[in-house]
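S.K.: I'll drop the sequence and a predicted model, then ask my questions.
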Amino acid sequence: MEELSSSNVFIMNTNENISRHHPNEKNIDGITPHDLVWINEIKQKLKENIRSGTDYKITDLAYEMAICDRSLRYKIRKITGLSPIQYFREIRLDMAFELLDSGSCNCVSEVAYQVGYKSTGHFTRLFEKHFGIRPSNYLKLPIRFLEN
């Protein structure tokens with residue numbers, strides 16, 4: 001498991017203090033600082049499982065988070081505005097974008113496989129719909145978006 005950086009510990013402590021002193025404090029959408037910490041934990045768990053190549057299901061995540069499936073689905077939708085499947089897909093596509101952008105993968109099928117897609121065609125359609133460019137065309141760009 002990844003170690004928490006000092007900034008993550010600071011954010012968690014700050015959010016705990018806010019929640020303790022202002023338990024009903026919410027932003028406009030009704031999302032508390034605790035919700036943001038929770039969804040970040042979900043995101044990290046999903047990324048870990050994508051990297052490990054395991055077949056991770058919503059029920060597995062719910063068990064790991066000690067919450068029932070229905071509550072997990074509700075809470076993810078409340079915080080992100082997406083269904084769990086849409087949220088999982090978004091995370092996978094963002095990871096694929098990072099792999100393409102870093103240059104660590106030179107072919108689309110390798111990227112698709114690394115983020116859990118068995119069909120390169122399906123991955124390509126989803127990637128193009130999400131980012132507006134085919135992954136193969138992105139690989140051909142002379143300048144990458146995430147370069148320092």
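M.R.: Yes, it's here.

S.K.: how close does the residue nearest the centre of the chain get to I143?
M.R.: For the chain, I91 is the residue whose C-alpha lies nearest the centre (Cα atoms, centre = their mean; 3.3 Å). Applying Cβ to Cβ, to the nearest Å, the value for I91 to I143 is 25 Å. For glycine as for every other residue, the C-beta is placed from the backbone atoms N, C-alpha and C.

S.K.: likewise S104?
M.R.: 17 Å.

S.K.: Those two: which has the busier surroundings?
M.R.: S104 (11 against 5; other Cβ atoms under 10 Å).

S.K.: give me the number of residues near S83?
M.R.: Count around S83 with other Cβ under 10 Å applied: 13.

S.K.: How about the contacts made by it?
M.R.: By Cβ atoms under 8 Å, 6 or more residues apart in numbering, S83 lies in contact with 73, 76-77.

S.K.: Low-confidence stretches in this protein?
M.R.: For the chain, the stretches flagged by pLDDT under 70 are 1-29, 144-148.

S.K.: Which parts of it belong to which domain?
M.R.: Listed by automatic domain parsing, the domain ranges of the chain are 1-81, 84-148.

S.K.: Could I get the buried residue list for stretch 131-140?
M.R.: Neighbour counts using 16 or more other Cβ atoms under 10 Å place 131, 135, 138-139 of stretch 131-140 among the buried residues.

S.K.: Ok, stretch 69-89 next?
M.R.: Using 16+ other Cβ under 10 Å as the test for burial, stretch 69-89 gives 72-73, 75-76, 79-80, 84, 87-89.
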